[in-house]
Structures are given as structure tokens and as C-alpha cells.
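Novice: Structure of the sequence below:
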Amino acid sequence: MENPVQFVQWLRSVAPYIHAFRGKIFVVAFPGELVMAGALPVLAHDLSLLHALGIKVVIVHGSRPQVQEQLALRNVQTRFHNGVRITDAAALECAKEAAGELRLDIEAAFSQGLPNTPMAHSAIRIISGNFVTARPVGIIGGVDHEHTGLVRKVAFEAIHPILNAGALTLLSPLGFSPTGEVFNLTMEDVALSAAVALRADKLIFITETPMMTDQAGAEIHELSLHQARAMLSEGVLPPDQSFYLDHATKACSGGVPRAHIVPFALDGSTLLELFTHDGVGTMVSSQNLESLREATIEDVGGILQLIEPLEADGTLVKRGRELLEREVNYFSVIEHDGVIFGCAALYPFPEERMAEMACLTVNPDVQAQGDGERLLTHIENRARAAGFRRLFVLTTRTAHWFLKRGFVSASVDQLPRDRQRIYNWQRKSLVLIKNL
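Specialist: Numbering: from 1, shown residues only. Sure, this is the predicted structure:
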């Protein structure tokens, strides 16, 4: 291993996500283009890893290029109306053929188990069946869409026991009516309906489309529900991206907390999206992803994980869990998607109307994104609101950062008397003070 230290740091950094995702339901949907591109074996590796981490995975596959291939082989003319395929009897046979072949390919991909591969010891069972009830699209604008359908219901009560038993569930873009008819559905409709019915924690579209960008060409990593709806109404996205975003938005409106649109062109994109701070796709959230708030006792573990590396190298004074639990009310934290990425504490010295800002820490993976500045501003506002006139910090390594933000050098005898008594002369921390 070239860099064991880097590996250990990375493994520790993903631990909060692993804890947060265990036992959660993820609906993962991908188009037939992914299979055509030869990316199915790698996706199976990645999804089997999610399964091994205790995540309950429901897979939904698309089949558009495979259906098109079958139509061409049979010399069947494709018909569309307003962008929706009209599925006649011949086209339905092609859709069934394509879905059956894809189902077998997917089951085979998850049956791998060769030693020295990511699938070794996986022993994953994947279950599919008549879980999707459908209805016909019907006649629109005088055009009969025949066997083209829409999802009426997903049998969540049958899928939950399968997931709880440790198996994966596979849904095809076909649905069945109570009269025994088969309907051709879109993968996006099936995935959206399954995510809402199962009350999934995430809906993940692994797409053939590139990373979503705004009109200036900047990558879009996160959208609130409001922002996503605004983007759709502006009509600035290409049709394929707009279709995915529309279904992601509907999923969040239907109670799914997060919906992701992740390009499959990047190797391991699903894992990168889920286990890194910014991800490699676009996430739509039904709520505000990031909050800057006062800490609670539940945050102690996250704060400790954040500050321990800096305590180990001497940047911060060592605090034990017991002390941190007693002092947690002094702390503020930046939380992003359930993970704490920054913290700072405000210790009061009311007699001199001064306060100390301590333990200002931001996760190294997300530094230079302004979180330190936001925490400083928040602590200053807290101090002002409490009636303090001056804010001071003691630092051994980051004096320059504070000087750039309005602090000035001071001496130990300018500190509050109680703080002078416990000043650590061995550390020889610099004293910096700012008038509020």
C-alpha cells in the first residue's frame, strides 16, 4: 500500500456515512444505456458493497436501447406521441424480451463470487416479481397509447420483508393490471413510485447524462426542492436531464428526503456521490441540507471525531468526552446532511464583558469553502447578543488567519483574570483580541 495513512484517514472520514446509512432503503435506478456501455459488472460491485454495509437496496432498470434493438431486429416501426412511446402489441413483445434479458444479466452480475474480486463472499440474493401494478396511459389528444402505462401501485408490503431478509429487490419497467395485461412503463416512473411507496431514504438515478450545470457552466451539486422546481420551470436543461430532475423533484415532494442524479461515466460514481462531502452528481433535497446551529449532547461524538486529530498534533488543547459533554452548550456546529463538519465554542467571562472563542475547527476535506468564516461570524453574533464587548482567542498556529479577520495581538495580562490564572505558559499561545 503506497499511503496507509491516507487510507486510514479516508476510512475514518466515511465512517459517519456508514453509520447514517445502515438499515436505510435506497432505490437505485439506471438506464439500459449503462448496460450497453458495459458498466453493469462494476455497478453490481458497488451496490453489493452498499448491501454489505447494511443498506437495503431496491434496483430499477431501464431498457430503452434494448427495446429499440429488438424493434430493429423485428423491423417494427417505433411510434411516439409527444415524446411518449406508443406500445402496440409488437412493441410490447420487444419490451418483454428486453426486460427478460436484462433481468437475467443483472441476476448474473450479482451472482459473481470469484476470490480476489469485490464480489467475493457476497452471496447476494436478488428477488423480482409482479410488484408493480399499472394502468394504461390511455387516449391522449386522440392518440391511443395502447400498452404504454403508468404505475398505479408498488407492492411495498411484499418488498419490505424481502429487504428485511437481506435480499435485493429488482423491478423492471413493466407493470401488470388486475385483468392480467402487461404495460410498458418508464424506469423513472417505476423508481419514483417505488421510492415513495417504500418511504425510501434515497432515490438514486445513475444516468447516461453528464453532470448537471447552470447557465454559467458551473456544476450543480445541490438543489433544494424550491430551486429544482424553479430550474424546471425555466426550461434551461436538456430534455433528458429535465426528465430525471422532474422525477427527482416529485420523489422529494412525495416524502423521499434525498434524490440524486449521478452520471455513470465516472467509475465508482455511486460511491463517490454517497461517501464524499460534495459528491459527483446533483442532489435534490426536501429540506435544507446544511445548518449552523448550537450543539446538543447528541453532537458530542461528532465533535470529538472532528477535533481529535488536532488534539493529537498539539493544535488544540486536549478535551475528554466527559469535559466536552459538560461544556457542549458552549459549542456551535456546522452540520451537513447529518454529518458535523465544523465546530467552535464560546466561553463567557461576564465580569469583564469578554468572551473566548475556542476550538474553531473545520473538517480538512472541506476547508477553503468559507465554513471557518461562517463559524467565526456566528460566534461573534452570539457574543454580541449576550452583551460581550470583546472576543479573544488563544492560538499557537493560526494567528495569521485571525489577524486577517480583525483581531489584534495582545498580551496575557489583557485577558480576563480567571482566564489569566489558567493560561498555559508551556504552550505559549498567542493572545488575539477583537472589539465587537
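
Novice: Now do the same contact list for the most centrally placed residue in the chain.
Specialist: Among the residues of the chain, residue 274 comes closest to the average C-alpha position under Cα atoms, centre = their mean, at 4.8 Å. With contact set as Cβ atoms under 8 Å, 6 or more residues apart in numbering, residue 274 has these partners: 17, 21, 50, 204, 260. Glycine gets a C-beta too; all of them are placed from N, C-alpha and C.

Novice: Make CSV from those and add distance to residue 367 to it.
Specialist: As requested, those are exported to CSV (distance: Cβ to Cβ, whole Å):
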residue, distance to residue 367
17, 19
21, 25
50, 28
204, 28
260, 24
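
Novice: For the host helix or strand of the residue nearest to the centre of the chain, which residues meet the burial criterion?
Specialist: Using DSSP states H and E, residue 274 falls within helix 269-275. Along helix 269-275, the positions that meet the burial threshold by neighbour count (16 or more other Cβ atoms under 10 Å) are 269, 270, 271, 272, 273, 274, 275.

Novice: What are the contacting residues of the next helix or strand after that helix?
Specialist: Where DSSP H and E defines the elements, the next helix or strand beyond helix 269-275 is strand 282-285. When contacts are taken as Cβ under 8 Å, 6+ apart, the neighbours of strand 282-285 outside the stretch itself are 211-212, 220-225, 228, 245, 248-249, 251-252, 257-262, 273, 289.

Novice: follow-up on the earlier one: who wins on neighbours among the contacts of residue 274?
Specialist: Using other Cβ atoms under 10 Å as the contact criterion, the top neighbour count among the contacts of residue 274 goes to residue 204, which has 29 neighbours.

Novice: So how do I select the buried members of the contacts of strand 282-285 in ChimeraX?
Specialist: To isolate the buried members of the contacts of strand 282-285 in ChimeraX, using 16+ other Cβ under 10 Å:
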select :211,212,220,221,222,223,225,228,245,248,249,251,252,257,258,259,260,261,262,273,289
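
Novice: Around residue 401, how many other residues sit close by?
Specialist: Residues lying near residue 401 (other Cβ under 10 Å) number 16.

Novice: need the contact list for it.
Specialist: So, once contact is read as Cβ under 8 Å, 6+ apart, residue 401 ends up touching residue 372.

Novice: and if you look at residue 155?
Specialist: The contact partners of residue 155, by Cβ under 8 Å, 6+ apart, come to 130, 131, 132, 133.

Novice: any idea how far residue 396 is from the first one?
Specialist: Same thing as residue 130. Residue 130 is 66 Å from residue 396, where distance means Cβ to Cβ, to the nearest Å.

Novice: out of the two, which sits in the more crowded spot?
Specialist: With neighbours defined as other Cβ under 10 Å, residue 130 and residue 396 compare such that residue 396 has more, 14 against 11.

Novice: Are we agreed that residue 149 is in a strand?
Specialist: Yes. Secondary structure of residue 149 (DSSP: H, G, I helix; E, B strand; the rest coil): part of a strand.

Novice: if we can go back for a sec, which ChimeraX command selects the buried ones in the contacts of residue 155?
Specialist: Selecting the buried subset of the contacts of residue 155 in ChimeraX, with 16+ other Cβ under 10 Å as the burial test, is done by:
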select :131,132,133
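
Novice: Can you add distance to residue 312 and pLDDT and give the buried residues of helix 269-275 back as CSV?
Specialist: Shown next, in CSV, are the buried residues of helix 269-275 (distance: Cβ to Cβ, whole Å; pLDDT from 0 to 100):
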residue, distance to residue 312, pLDDT
269, 33, 94
270, 33, 95
271, 28, 94
272, 28, 93
273, 30, 94
274, 28, 94
275, 24, 91
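
Novice: Which of those sits closest to residue 355?
Specialist: Nearest to residue 355, judged by Cβ to Cβ, of the buried residues of helix 269-275 is residue 275 at 37.3 Å.

Novice: what are the ranges of the strands in the stretch 301-436 of the chain?
Specialist: Per DSSP state E, counting those that start in this stretch, the stretch 301-436 of the chain carries strands over the ranges 331-336, 339-349, 354-362, 390-395, 408-410, 430-435.

Novice: domain parsing for this structure?
Specialist: Here the domain parsing of the chain from automatic domain parsing is 4-288, 291-435.

Novice: so where is the stretch 101-250 of the chain shaky, pLDDT-wise?
Specialist: Within the stretch 101-250 of the chain, the stretches falling below the threshold (pLDDT under 70) are 114, 116-117.

Novice: Could you pull out the helices in it for me?
Specialist: Listed in chain order, the helices of the stretch 101-250 of the chain (DSSP state H, counting those that start in this stretch) span residues 156-164, 187-197, 225-234, 239-253.

Novice: Could you look over the ones you listed and pick the most buried one?
Specialist: With neighbours defined as mean count of other Cβ atoms under 10 Å, those peak in mean count at helix 187-197, which reaches a mean of 25.

Novice: Show me the contact partners of it.
Specialist: 27, 29-31, 58, 60-63, 132, 150-151, 153-154, 156, 159, 171-173, 175, 200, 202-203, 205, 243-244, 247, 250-251, 254-256, 259.

Novice: and if we set it to 7 Å?
Specialist: Among residues not part of helix 187-197, those counted as contacts by Cβ atoms under 7 Å, 6 or more residues apart in numbering are 27, 29, 31, 58, 60-62, 132, 150-151, 154, 156, 171, 173, 203, 205, 243-244, 247, 250-251, 254-256.

Novice: Same question for stretch 428-436.
Specialist: Contacts of stretch 428-436 with the rest of the structure, by Cβ under 7 Å, 6+ apart, involve 380, 383-384, 388-396, 399, 402-403, 406-412, 414-415.

Novice: For residue 130, give me its contacts.
Specialist: Going by Cβ under 7 Å, 6+ apart, the list of residues near residue 130 reads residue 176.

Novice: still on that earlier bit, separation between the residue nearest to the centre of the chain and residue 358?
Specialist: 33 Å.

Novice: Let me know the angle separating the helix or strand that contains residue 10 from strand 339-349.
Specialist: Secondary structure assignment for residue 10, by DSSP H and E: helix 4-21. Orientation of helix 4-21 against strand 339-349 (axes from the mean of the first three to the mean of the last three Cα atoms, to 10 degrees) gives an angle of 90 degrees.

Novice: State the number of residues packed around the closest residue to residue 413 other than its chain neighbours.
Specialist: When the adjacent residues along the chain are set aside, residue 413 lies closest to residue 420, with 6.7 Å between them (Cβ to Cβ, 6 or more residues apart in numbering). Per other Cβ under 10 Å, the neighbour tally for residue 420 reads 12.

Novice: quick one: residue 420 and residue 412 touch, right?
Specialist: Yes. At 6.0 Å, residue 420 and residue 412 qualify as touching, with contact defined as Cβ atoms under 7 Å.

Novice: Where does residue 266 sit: helix, strand or coil?
Specialist: What three-state DSSP gives for residue 266 is coil.

Novice: Now do the nearest residue to residue 257 once chain neighbours are set aside against residue 279, distance only.
Specialist: Once its chain neighbours are removed from consideration, residue 257 has its nearest residue in residue 286; the separation is 5.4 Å (Cβ to Cβ, 6+ apart). The spacing between residue 286 and residue 279, counted by Cβ to Cβ, is 17 Å.
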